[in-house]
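In: just need the structure, nothing else, for what follows:
(2 chains)
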Amino acid sequence: MEPRPKSFYFLSAFFVLFLIFLYGPTLTIGILSFQGPGGGLTFPMRGVSLHWFRDLFEQQAVGDIWGSFRRSFVLGLMVMVTTVVVSVMGGLAFRKRFAGSTVLFYLIITSLVIPSILISLGVGLIWSQSGLPVHWSSSGFGAQLTWTLPFGLLIMFAVFNRFDRSYEEAARDLGASPWQVIRHVVLPIIAPSLIGVALFGFTLSYDEFARTLLTAGSHNTLPLEIFGMTTNVTTPVLFALGTLTTVFSLLVIGVFLLVAWVMNRRRARHGSDAGRGMV
Amino acid sequence: MKNNSVIGWLLAAPLTLVLSIFLVAPIIMIAVVSFWGATEWSIYPAFLFDNYEFLLTSDVTYRVFFNTFKYALITWGFTLLIGFTVAYYLAFHIRSLTWQIALFLLCTIPFLTSNIIRMISWIPCLGRNGIANSTLISMGVIDEPLEWLLFSDFSVILAFVHLYTLFMVVPIFNTMMRIDKSLIEAATDAGATGWQTLWHVIVPLTKPGIMIGTIFVVALVMGDFITVRFMSGSQSANMGRLIQNDIALLQYPSASATAVILLVTVLLLIGTLLRFVDIRKEL
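Out: Residues are numbered from 1 along each chain as shown, chains lettered A, B, ... in the order given. Predicted coordinates for the structure are as follows:
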């Protein structure tokens, strides 16, 4: 290998600074959430304790955070499943030429770039004018889909751009029906990318704020609850909650990455050994 | 081929349904309501131009409009510089694919955690008694804590850069990974210096990625209201804040009129940017 150029060391330092910039603040509130009972929102630490985490489990101290966590979790799962199914179907649809596909494509882009508050406002207006009560599982659910679906579809476009169609042709030549081609050839090949779509679906929903703001109704999701707390809670309990939900997000990401990794390994083991030689 | 079109339609039906109800219908509703009238506690159907007239004749609107562009432009500049540098480092200086993937994941993980928490986490860093101020004081750089670190334009833009640089890193990295490495070699063999290769080979080939990143960052910053509200301590405003204020006062028609103007602006801008890149080909 060639020796590293000087720019490598400079850029490495830049990259490390970037990572500190990305993670530093979050680590700071992670540390501060272990403040002693007399501690405030900034350093210095006044003792080390689990006081503020204990506070989270006492209902009266912080409002309905566990209820909102449950709602966010269920909503995240609903959005995740819908995003995966609709994105896969949409991705398959865009491989065929159908009338209106260009319009639909630009709608997807619009859904991505539209200011989130417009979705909140528009969906809220439709619901209130037609006399329906806004609820996180109906209007909130749909509003979040306008945010997760574009990401799911962009991933599917990327996947199908790299998809080798000769596998499908081979299956068809062997007499597979269109459904069998999808079920036994296409879906297994794109499965690891679906893990990615699912991860985006869940985490984007779990952390969504702006599009849920006017569409969740009186039962808040967790990000709305946290934002409410920023205006009236001035103790490190806020940091404790932030730390806990970030750790939860990291766990979810970890589980998804692990599943993707295991899937890839299984596939490598069960795959063909063609071209690997006899020994 | 006709059969193909029918299957395509069926497959696209759920997507079309969701986008019709939760994207197209809300936009139409906002456009309609922007002509309605409002009393202090209710709104009523009408066909008035009052909301637009009020908006377009108030100089608050123009100031806020200018502010929205200012945030977008400055944030774009910083995210592009940082995002390009990081993507370039990952794509051309990291030699093993495993490390590239690992470091790339490290850059994307924060995107999958809560934006609200990431904003809150700047408070202990930038506050009056925060880390930045106490470090600067103990180093003797300043005598008194800097007041403009938190709840200012500075903190708003810092938070934007913090939240959205990933949207530059990901598409630029994606495009860079597709650059044929032999082109770089050819440039070097032809006697180009590192800077010349960067400027005349890599940057032109990375343009689609830069465009996609730009679309993301511009759309997110122009449509934002929560970062500006939180990080400026309600002292600055952009269009999103204007809409949110009207909503809080139940002035939905006026909020809708502002929303229409914001939407038209964003779509015109993004539409222009889309002319320079074929998103579907570049993914």
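In: name the residues that touch stretch B:35-50?
Out: Stretch B:35-50 is contacted by residues B:33, B:51, B:250-254, B:256 when judged by CB atoms under 8 Å, 6 or more residues apart in numbering or on different chains. From N, CA and C alone the C-beta is placed, and that goes for glycine too.
In: try 7 Å
Out: Here stretch B:35-50 makes contact (CB atoms under 7 Å, 6 or more residues apart in numbering or on different chains) with B:250-254.
In: which ones are touching the closest residue to chain B within the stretch 1-150 of chain A?
Out: Proximity to chain B, evaluated over the stretch 1-150 of chain A using CB to the nearest CB, is greatest for A:G122 at 2.3 Å. The contact partners of A:G122, taken as CB under 7 Å, 6+ apart, are B:26-27, B:29-30.
In: chain A next: which of those are close?
Out: Applying CB under 7 Å from any CB of the partner chain to the contacts of A:G122, one finds that B:26-27, B:29-30 fall near chain A.
In: those in helices, which ones?
Out: With helices taken from DSSP state H, the overlap with the ones next to chain A among the contacts of A:G122 comprises B:26-27, B:29-30.
In: mind putting those into a markdown table with neighbour count and distance to A:L194?
Out: Below are those laid out as a markdown table (neighbours: other CB atoms under 10 Å in any protein chain shown; distance: CB to CB, whole Å):
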| residue | neighbour count | distance to A:L194 |
| --- | --- | --- |
| B:P26 | 26 | 29 |
| B:I27 | 17 | 30 |
| B:M29 | 20 | 34 |
| B:I30 | 26 | 34 |
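In: which among the contacts of stretch B:35-50 are in contact with chain A?
Out: B:Y252.
In: give the buried subset of the contacts of stretch B:35-50 as a PyMOL selection command.
Out: The buried residues among the contacts of stretch B:35-50 can be selected in PyMOL (16 or more other CB atoms under 10 Å in any protein chain shown) with this line:
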select buried, chain B and resi 251+252+253+254
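In: and the closest residue to chain A within chain B, what does it touch?
Out: Closest residue of chain B to chain A, CB to the nearest CB: B:P26 (2.3 Å). By CB under 7 Å, 6+ apart, the contact list for B:P26 reads A:118-119, A:122-123, A:126.
In: and the pLDDT at it?
Out: Listed pLDDT for B:P26 reads 95.
In: now do the SS call for the closest residue to it other than its chain neighbours.
Out: Leaving aside its sequence neighbours, B:P26 sits nearest to A:G122 (CB to CB, 6 or more residues apart in numbering or on different chains; 2.3 Å). Look at A:G122: counting by DSSP: H, G, I helix; E, B strand; the rest coil, its state is helix.
In: could you do A:V134 as well?
Out: A:V134 is classified as coil under three-state DSSP.
In: about what we covered before: which of the contacts of B:P26 count as buried?
Out: Looks like the contacts of B:P26 have A:118-119, A:122-123, A:126 buried, using 16+ other CB under 10 Å.
In: any chance of those in a markdown table, plus pLDDT?
Out: Converted to a markdown table, those look like this (pLDDT from 0 to 100):
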| residue | pLDDT |
| --- | --- |
| A:L118 | 94 |
| A:I119 | 94 |
| A:G122 | 94 |
| A:V123 | 94 |
| A:I126 | 94 |
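In: which parts of the stretch 151-279 of chain A are helices?
Out: Here the stretch 151-279 of chain A has its helices, by DSSP state H, counting those that start in this stretch, at A:166-173, A:178-181, A:187-207, A:222-232, A:237-270.
In: ok, residues contacting the second one?
Out: The set of residues external to helix A:178-181 that reach it, using CB under 7 Å, 6+ apart, is A:168, A:171-172.
In: any idea how far that helix is from the middle of the chain?
Out: A distance of 30 Å separates the centroid of the chain from that of helix A:178-181, by CA atoms, centre = their mean, to the nearest Å.
In: where are the low-confidence patches of the chain?
Out: Since no chain was named, I'll use chain A. Chain A contains residues with pLDDT under 70 at A:1, A:59-63, A:272-279.
In: correction: the question concerned chain B.
Out: B:1-2.
In: much appreciated, bye for now.
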